[in-house]
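Colleague: 3D model of this:
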Amino acid sequence: MADVVAVQDSDSGQGLLQRPLELGRELAAPVESEEGWYIQGSVWTTHFDPQPDHNNNQDLIGLERHRGDSYLWGAATFRHSFGERSLYGYAGKRFEFAGTPFNAKLTAGLLYGYRGEYRDKIPFNRFGVAPAVIPSVGVSYQRVGVDVVLLGAAAAMVNVGVRL
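Modeller: Residues are numbered from 1 along each chain as shown. Here you go, the predicted structure:
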């Protein structure tokens, strides 16, 4: 540990890299959390640059498994911005803001369903499958949660869920 402190205090510039790495390790570290299932559905969506063919009713239904160490995995089915059924399978981490009802979540996984004429609507899409990273912020009361989900630079969605 003394080596880390010495690197941080040096003027060599390595301390600038060390601090973000330590913060990243701290954020990624497991934290005791409530274990269980969480089911959610979308209730509102808006596109940042709306087009006439955009669908703002995603019909999302998702199921997540929250582990006792703050990590999670899940899957969701929804209608993408152009109305076709799509799937998102993912893993991630939930961040609780101690002493408040607020939280954040970061998931990463594979997105399926942007095919044919919609293939190029999302980056890195090969054969209708693309990687995705999806952040959200939320608030919970007892077993009910509301999350605002950022869908890249394209849209934001509000989901309501219940811990089972």
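Colleague: what element comes up after the longest helix along the chain heading to the C-terminus?
Modeller: In the chain, taking DSSP state H as the definition, the longest helix is helix 14-28. Beyond helix 14-28 in the direction of the C-terminus, DSSP states H and E gives the next helix or strand as strand 36-47.
Colleague: hang on, the earlier thing: would you pull up how far the longest helix of the chain lies from the middle of the chain?
Modeller: Computed by CA atoms, centre = their mean, to the nearest Å, the chain-centroid distance of helix 14-28 equals 21 Å.
Colleague: Which parts of the chain are helices?
Modeller: All helices of the chain, identified by DSSP H, fall at 2-9, 14-28.
Colleague: any idea how far E22 is from S70?
Modeller: 18 Å (CB to CB, to the nearest Å). C-betas here are computed from N, CA, C, even on glycine.
Colleague: Which one of those two is surrounded by more residues?
Modeller: With neighbours defined as other CB atoms under 10 Å, E22 and S70 compare such that S70 has more, 21 against 12.
Colleague: gap between the more buried one and F124?
Modeller: 28 Å.
Colleague: Same check on W73?
Modeller: Distance from W73 to F124, by CB to CB: 21 Å.
Colleague: try G68
Modeller: According to CB to CB, G68 stands 33 Å off from F124.
Colleague: Between these two, which has more neighbouring residues?
Modeller: Ranked by neighbour count (other CB under 10 Å), G68 and F124 place G68 first, with 12 against 9.
Colleague: and the spatially closest residue to that one that is not a sequence neighbour, how many neighbours does it have?
Modeller: In space, and not counting its chain neighbours, G68 is closest to E35: 4.1 Å by CB to CB, 6 or more residues apart in numbering. Neighbour count of E35, defined by other CB under 10 Å: 13.
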